[in-house]
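S.K.: Fold the following for me, if possible:
(4 chains)
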Number of protein chains: 4
Amino acid sequence: MYSFKDDYSEGAHPRILEALIQTNLQQMKGYGEDEYTREAIELIKKKLKHRDVDVHLLSGGTQTNLTVISAFLRPHEAAIAASTGHILIHETGAIEATGHKVLSCEVRDGKLAPNHIQAVLDAHTDEHMVKPRLVYISNPTEIGSIYSKGELEELSRYCRSHGLILYLDGARLGSALCSEENDLELSDLGTLVDAFYIGGTKNGALLGEALVICKDSLKDDFRFHIKQKGGLLAKGRVLGLQFLELFRDDLYFELARHANAMAKLIKTEIGAAGYRFFTHSPSNQIFPILPNWLIAKLQEEYAFYVWAKIDEDHSAIRLVTSWATSEEVVSALREEIRKAARN
Amino acid sequence: MYSFKDDYSEGAHPRILEALIQTNLQQMKGYGEDEYTREAIELIKKKLKHRDVDVHLLSGGTQTNLTVISAFLRPHEAAIAASTGHILIHETGAIEATGHKVLSCEVRDGKLAPNHIQAVLDAHTDEHMVKPRLVYISNPTEIGSIYSKGELEELSRYCRSHGLILYLDGARLGSALCSEENDLELSDLGTLVDAFYIGGTKNGALLGEALVICKDSLKDDFRFHIKQKGGLLAKGRVLGLQFLELFRDDLYFELARHANAMAKLIKTEIGAAGYRFFTHSPSNQIFPILPNWLIAKLQEEYAFYVWAKIDEDHSAIRLVTSWATSEEVVSALREEIRKAARN
Amino acid sequence: MYSFKDDYSEGAHPRILEALIQTNLQQMKGYGEDEYTREAIELIKKKLKHRDVDVHLLSGGTQTNLTVISAFLRPHEAAIAASTGHILIHETGAIEATGHKVLSCEVRDGKLAPNHIQAVLDAHTDEHMVKPRLVYISNPTEIGSIYSKGELEELSRYCRSHGLILYLDGARLGSALCSEENDLELSDLGTLVDAFYIGGTKNGALLGEALVICKDSLKDDFRFHIKQKGGLLAKGRVLGLQFLELFRDDLYFELARHANAMAKLIKTEIGAAGYRFFTHSPSNQIFPILPNWLIAKLQEEYAFYVWAKIDEDHSAIRLVTSWATSEEVVSALREEIRKAARN
Amino acid sequence: MYSFKDDYSEGAHPRILEALIQTNLQQMKGYGEDEYTREAIELIKKKLKHRDVDVHLLSGGTQTNLTVISAFLRPHEAAIAASTGHILIHETGAIEATGHKVLSCEVRDGKLAPNHIQAVLDAHTDEHMVKPRLVYISNPTEIGSIYSKGELEELSRYCRSHGLILYLDGARLGSALCSEENDLELSDLGTLVDAFYIGGTKNGALLGEALVICKDSLKDDFRFHIKQKGGLLAKGRVLGLQFLELFRDDLYFELARHANAMAKLIKTEIGAAGYRFFTHSPSNQIFPILPNWLIAKLQEEYAFYVWAKIDEDHSAIRLVTSWATSEEVVSALREEIRKAARN
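M.R.: Sure thing, here's the model as predicted:
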């Protein structure tokens, strides 16, 4: 049984483990003050062509989101997210547990646009309601779509002119930036958003996310927040070494490109077989709509999530590829689909 | 420059890295539902000779403390800790950030006893004050002392008869249980305390603590709390594999015994040289009181914390040994002390 | 300019002020331990024909809601409310500020039914999401509708069989219970819901709400929560005396009946004039749909909220009556409407 | 049995009730936007000779303290208070419930001085500890002592030069400012502290405290915080009218002077009888040390708290006077003491 359920089913890219082994017995300072972490941070800043940012390495996505949002907001301020937003549904109320409401916007394709946010602002007019203050987006979104540079620029302009903080959850940022439809560069993010994180866990690391804070007024005392929320690892080197390895050359992007390529191969085959898709997702998650009999057949050999019921006979499924998805596995799956389609 | 600053300066015990490599490309379920985590949990339960406990693997000590305490307490309830308690001082208000006061008890040797707690209960009599409800202890304590079985039994009886939850922070539990003065067994904890954690980070793991919840009424829904506080790693296998390796045979205890033995060697030498100690610490942290000229001399080759000023000419320092401290390094340090003492 | 904006534009019913004056210089214990508060509580219990409840007097609705919900829920648990629910929108994130998410249900008439709640339960299946635990309803709802006894019984059965706490916000409870369509008695609430409050502020008191906790497991230590959240008034007598006066005879219900009667008179006139209503609201808030020219005309002499735009030429407005609304004012308004309708 | 237990045993000064009655049926806007509240605020600003402050009326002291401190601090920041501080002990962890630690300073006379604060700053040096940020003082303190102008100036200079917010709890501010040892004026506070409140509840109001925010950067959005914490009364007029009455002429100070005078009469008598005092308290709380037999005798006719055991035969008691304490009662108490002393 091969799993297309997610992009964190395997361990880490072998080069990362190798780096851990090579440096294992060197003594290093704790809590992210080691040389590897410093080096990784410098490397990320360099990739951002924009040295005036602060970079912090944290252990996971929910940890990063809750630390960021509680650090950035005052008690009466709220976050805005798409109705599919990860913080809205899939983090067990982590944001609310730090005291902040998350306001939901109904969107079709997972992406927030100024008009969605404007509607929220229009509805929150006085001190009897929370004050919307931070816009949370993901790229790619939870349903695989990606933001174009134009869309992000528009969002960025809107947020700045309305005093809103723009925060981008990049759990799968590699996949977005390596999408063939993408026209954003990593360094654009340093100027377009106020903070974002570069996801390691879902792109080859054992664990780890690199948070980048771009806006000056949000930088102060951030390590206090990481420590207070339990995210400051004693052996911070574990995070430093991984990001060092991912960004020393372009391994991070190479891994993401591979995941995307594998998704594309599957997608093309499914399209050729005449099936449609639930969402337009040019990243490493695809959502084909398949007849239930085919889904049942595929489930004999593959694990994946059934995402949504479409009609009595069809459902959308989610297939996720990763840096570790092999071409052999993808070929076998394609063959399966091809055969099925012929019947 | 060799560091005796802490027990997390190196990476992980080589067997742990080996285990990560051997299993790296196996696909596993996420969020701690993988087979390695299950196996590790079964192993820990077996060592506890007490299968009716729940075990969860978390990423770090502060994360564990804040998740536990916020899960166990109602909003008006408070924790009690020794004045040297880690949660009281060194976790950036992590407990208060979840809404709970930590009440401090002045103690001499880092250890809480029923009379300290009784004084707190006596002072908290009505609804204008918080309700003391959870007793937080560490073994070993922050200053290296350990609880005897008798002391822990007494504390346990007291807490049970007063409706208090007894929680033990075991960041360095291995060192306590392997101390030559120790008469507690790991399995005793399962009956004497309501919850405790077995520290991995400070005893050979890259990261990870194994939380054991003994009291039935505290077990419900605990995974919700871990997720909400950001502690549920996507690749939970990383924690599972480490504890599996630490407890498969007695590696965990072997590492702790080594750390203690190295501390003992240094301690004996310092004692033989005629110096005294700031606290009685039969574990892997020792606190010798040395003349300032000797401290300055040692600082030329070793890194360590100066803990407290004793008088104009003397200070207490803290030396911490670990699974990775080599006998060679210890011999060299002993020789240095011996020479110095002769002068 | 006469205001129909709300039911808290005037001070208190004169009998309440009289009671404050008569007792003013008597010395009383503080913090709600005075004799008047005790007497008021006994009186309310008696009206509830159900002495096994706890009653607490608090200063306002938001204060009561946040104190109740944070006291009743564990950190990972959430409240469920209708999309129009007061706690969802109009309390500046007070519930989230205590750490809890409020899950929204789209409903038409302001009322929650088991099917709405079931949909929320169906969508919250594991520890990656909050655990729905408390159902928040208002009677009357924020749009003036009321629950029938049958509806409340059904909701009560559903909540009990699903382990959910049922909490009723009775900011305008008097108006609901005195509605001519009502078939619930105050004493029914003691058996059908787990907690509710009897609103004083909007029915003749200067300030004050009487919280009734019916379910045993929710009663413990409640005064700690009131104090912690800032709701324990030093001069608790101010609340005690008011509820004593409101429930000594049936003043509370008399005042609510008057408010309802005034609303009914206006409603009848508007209906007779051929206009329809935005919601079915047999309580002291009505929402007529009027032509914009008429609204403009009424605004010359009356203050009220324009609630919703219906089409280019029509809007719904909200008119609220109270214990203090005089028949003269209502007659004048009716005459205005009658005249307008003739044009 | 006459009570000297506290200064909130009676209702309100009769002029306040009279004002409530006179205005009772006037329609007013809710939530503190009524004309009386505006007028009261203007009056307070005028008394402050410093119009560039914001004034808000809240319902009680704990409510004010928790709203202020949670609004002013970021999550990792902490308050500093004297070991006798009200927020530290007597508010059921209200401050911690909003996420903030309160750091305690051992002081003798209830008053904080720069050296106490400096010791806290010295001990909090990095991100593993909370960041001390707000200094909480009370005037008079919880044990009746008062700050001189010089002391407050020194504290003010210190806080400003160290980036600390200085907040003064004025639950009994009238008594401090009317003390014969006082050299502070109300208007001095507007320049010396960053925020403070003028206590109404303990000086003749039914309930209510007037919060004054002096520092510009702390003013923004404060009404959101009041609403979120449940402190925005629907009938804000109740607070407005009371402060209007208290400050229209100098009633507020007159009442405080009376309370102080009554305390002084008792104090003088006790001193003349040869007894000493537990603290130096030139305000409306006094703490005589009396022989236990005399305490027992007084308890036959008077209620008061026994504050501390001094030796086997003596204890300190607390006697509190108020605006409502009559000279007759005081005379009778003095006579009792005089007689007792003769025996």
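S.K.: domains of chain A?
M.R.: A:2-6+A:252-342, A:14-249 (automatic domain parsing).
S.K.: So the first one, near chain B or not?
M.R.: Translated: domain A:2-6+A:252-342. Yes. Domain A:2-6+A:252-342 lies within reach of chain B by CB under 8 Å from any CB of the partner chain, at A:Y2, A:S3, A:D6, A:A324. Glycine gets a C-beta too; all of them are placed from N, C-alpha and C.
S.K.: Kindly reformat the domains of chain A as JSON lines and extend each row with mean neighbour count.
M.R.: Shown next, in JSON lines, are the domains of chain A (neighbours: other CB atoms under 10 Å in any protein chain shown):
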{"stretch": "domain A:2-6+A:252-342", "mean neighbour count": "18"}
{"stretch": "domain A:14-249", "mean neighbour count": "21"}
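S.K.: Who are the contact partners of A:L233?
M.R.: Residues near A:L233 by CB atoms under 8 Å, 6 or more residues apart in numbering or on different chains: A:Y31, A:G32, A:S59, A:L239, B:S59, B:G60, B:T201, B:L207.
S.K.: again, 6 Å this time
M.R.: B:G60, B:L207 (CB atoms under 6 Å, 6 or more residues apart in numbering or on different chains).
S.K.: now do A:Y2
M.R.: A:Y302, A:V329.
S.K.: about what we covered before: minimum distance to B:E142: which of the domains of chain A has it?
M.R.: domain A:14-249 (14.7 Å; CB to CB).
S.K.: quick one: terminal-to-terminal distance for that closest one?
M.R.: 15 Å (CA to CA, to the nearest Å).
S.K.: quick one: that domain to chain centroid distance?
M.R.: 8 Å (CA atoms, centre = their mean, to the nearest Å).
S.K.: rewinding a little: which of the residues of domain A:2-6+A:252-342 next to chain B sits closest to chain B?
M.R.: A:S3 (5.0 Å; CB to the nearest CB).
S.K.: Quick check: chain neighbours aside, which residue is closest to that closest one?
M.R.: A:A303 (4.1 Å; CB to CB, 6 or more residues apart in numbering or on different chains).
S.K.: Spatially, which two of the residues of domain A:2-6+A:252-342 next to chain B are the most separated?
M.R.: Most distant of the residues of domain A:2-6+A:252-342 next to chain B, by CB to CB, are A:Y2 and A:D6, 12.5 Å apart.
S.K.: Pull up the residues of the stretch 51-200 of chain A that are close to chain D.
M.R.: Residues of the stretch 51-200 of chain A lying near chain D by CB under 6 Å from any CB of the partner chain: A:S70, A:P75, A:H76, A:E127, A:H128.
S.K.: What segments of chain A are helices?
M.R.: Using DSSP state H, the helices of chain A run over residues A:14-22, A:35-47, A:61-72, A:86-89, A:94-97, A:114-123, A:149-161, A:173-177, A:186-192, A:222-228, A:237-248, A:251-272, A:292-299, A:327-342.
S.K.: Once you drop chain neighbours, what's closest to the most centrally placed residue in chain A?
M.R.: The centroid of chain A falls nearest to A:A171 when counting by CA atoms, centre = their mean (2.1 Å). Of all residues beyond its chain neighbours, the one nearest A:A171 is A:G199 (4.1 Å), with distances taken as CB to CB, 6+ apart.
S.K.: Show me what that neighbour bridges to in the sheet.
M.R.: For A:G199, the beta-bridge partners under DSSP bridges are A:E209.
S.K.: Compute the distance between it and B:H128, please.
M.R.: 48 Å (CB to CB, to the nearest Å).
S.K.: before we move on, what about A:S326?
M.R.: For A:S326, the distance to B:H128 - CB to CB - is 65 Å.
S.K.: who in the stretch 51-200 of chain A is up against chain C?
M.R.: Counting by CB under 6 Å from any CB, the stretch 51-200 of chain A sits next to chain C at A:H76, A:H90, A:T92, A:G93, A:E96, A:A97, A:G99, A:K101, A:H128, A:V130.
S.K.: let's go with 10 Å and repeat that
M.R.: A:62, A:75-78, A:86, A:88-104, A:123-124, A:126-131 (CB under 10 Å from any CB of the partner chain).
S.K.: Filter those down to the ones in strands?
M.R.: A:E77, A:A78, A:V102, A:L103, A:S104, A:K131 (DSSP state E).
S.K.: Now tabulate those in a markdown table and tack on pLDDT.
M.R.: Listed next are those as a markdown table, based on pLDDT from 0 to 100:
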| residue | pLDDT |
| --- | --- |
| A:E77 | 98 |
| A:A78 | 98 |
| A:V102 | 98 |
| A:L103 | 98 |
| A:S104 | 97 |
| A:K131 | 98 |
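S.K.: Which one of those residues is nearest to B:L246?
M.R.: The closest of those, once distances to B:L246 are taken by CB to CB, is A:V102, at 38.8 Å.
S.K.: contacting residues around the closest one?
M.R.: Shown in contact with A:V102 (CB atoms under 10 Å, 6 or more residues apart in numbering or on different chains): A:69, A:78-81, A:85, A:87-89, A:91, A:93-96, A:130, A:134, A:136, C:93, C:96, C:101.
S.K.: From chain B, how far out is it?
M.R.: 13 Å (CB to the nearest CB, to the nearest Å).
S.K.: Next: A:D126.
M.R.: From A:D126 to chain B the distance is 28 Å (CB to the nearest CB).
S.K.: next one: A:T321
M.R.: Counting by CB to the nearest CB - A:T321 and chain B are separated by 13 Å.
S.K.: swap in A:S145?
M.R.: 22 Å.
S.K.: thought A:H124 was touching A:Q118?
M.R.: No. Using CB atoms under 10 Å, A:H124 makes no contact with A:Q118, being 11.1 Å away.
S.K.: got a list of what A:G85 touches?
M.R.: A:65, A:79, A:91, A:95, A:102, A:104-105, A:107, A:110, A:112, A:136-138, A:141-142, A:169.
S.K.: Looking at these, which one is closest to chain D?
M.R.: Among these, and counting by CB to the nearest CB, the member closest to chain D is A:I95, at 13.0 Å.
S.K.: Identify the residues contacting A:A81.
M.R.: Taking CB under 10 Å, 6+ apart as the test, what A:A81 contacts is A:87-89, A:95, A:102-105, A:107, A:112, A:116, A:134-138, A:142, A:167, A:169.
S.K.: Quickly list what it is bridged to.
M.R.: So, taking DSSP bridges as the rule, A:A81 has A:S104, A:Y136 as bridge partners.
S.K.: which non-adjacent residue is nearest A:K229?
M.R.: A:T67 is the one closest to A:K229 (CB to CB, 6+ apart), at 4.6 Å.
S.K.: wait, isn't the one you found in contact with A:Q228?
M.R.: Yes. Using CB under 10 Å, A:T67 makes contact with A:Q228 at a distance of 8.2 Å.
S.K.: Check the contact lists of those two and give me the overlap.
M.R.: Contacts common to A:T67 and A:Q228, judged by CB under 10 Å, 6+ apart, are D:P75.
S.K.: between the helix or strand bottoming out on mean pLDDT in chain A and helix A:251-272, how big is the angle?
M.R.: Using mean pLDDT, DSSP states H and E, the weakest-scoring helix or strand in chain A turns out to be helix A:327-342, at a mean of 92. Helix A:327-342 runs at 10 degrees relative to helix A:251-272, counting by axes from the mean of the first three to the mean of the last three CA atoms, to 10 degrees.
S.K.: just how off-centre is helix A:327-342 within its chain?
M.R.: Distance, centroid of helix A:327-342 to centroid of chain: 28 Å (CA atoms, centre = their mean).
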